[in-house]
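Q: have a look at this fold, sequence not included:
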């Protein structure tokens, strides 16, 4: 893999991971609102919103982060010149 595509894969992984973590914040806010609300319709709306966020935001971003990480690791397999490269001749 060329250095350009390696950097693009790393950038994609960081973007997906940060987006995934950013999607957790409103999910947790809705969970707290649903748990502490005394209004049944408010709690129901919070849980319905959590379901949508979970299926359409959190799940795709987590899979994208996983796949982008796996693709960048498979491209680096056998490359001992990177940051975690070994000084031994184990490649």
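A: Looks like it came in fine. These numbers come from a predicted model, not from an experiment.
Q: using the three-state scheme, assign the residue positioned nearest the centre of the chain.
A: With distances taken as Cα atoms, centre = their mean, the residue of the chain nearest its centroid is residue 17 (3.3 Å). Following DSSP: H, G, I helix; E, B strand; the rest coil, the label given to residue 17 is helix.
Q: please renumber so the chain begins at 2
A: Will do, 2 is the new start, and the previous item becomes residue 18.
Q: now the helices for this protein?
A: Secondary structure of the chain (DSSP state H): helices located at 4-37, 41-54, 60-77.
Q: now those helices as JSON lines including mean pLDDT?
A: Formatted as JSON lines, the helices of the chain follow (pLDDT from 0 to 100):
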{"stretch": "helix 4-37", "mean pLDDT": "94"}
{"stretch": "helix 41-54", "mean pLDDT": "97"}
{"stretch": "helix 60-77", "mean pLDDT": "86"}
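Q: residues of stretch 44-52 that come out buried?
A: Along stretch 44-52, these residues count as buried under the neighbour rule (16 or more other Cβ atoms under 10 Å): 44, 47, 50, 51. Yep, even glycine has a C-beta here, placed from its N, CA and C like the rest.
Q: neighbouring contacts of that stretch?
A: 28, 31, 32, 34, 35, 36, 38 (Cβ atoms under 8 Å, 6 or more residues apart in numbering).
Q: ok, now with 10 Å
A: With contacts defined as Cβ atoms under 10 Å, 6 or more residues apart in numbering, stretch 44-52 is touched by 27-38, 40, 59.
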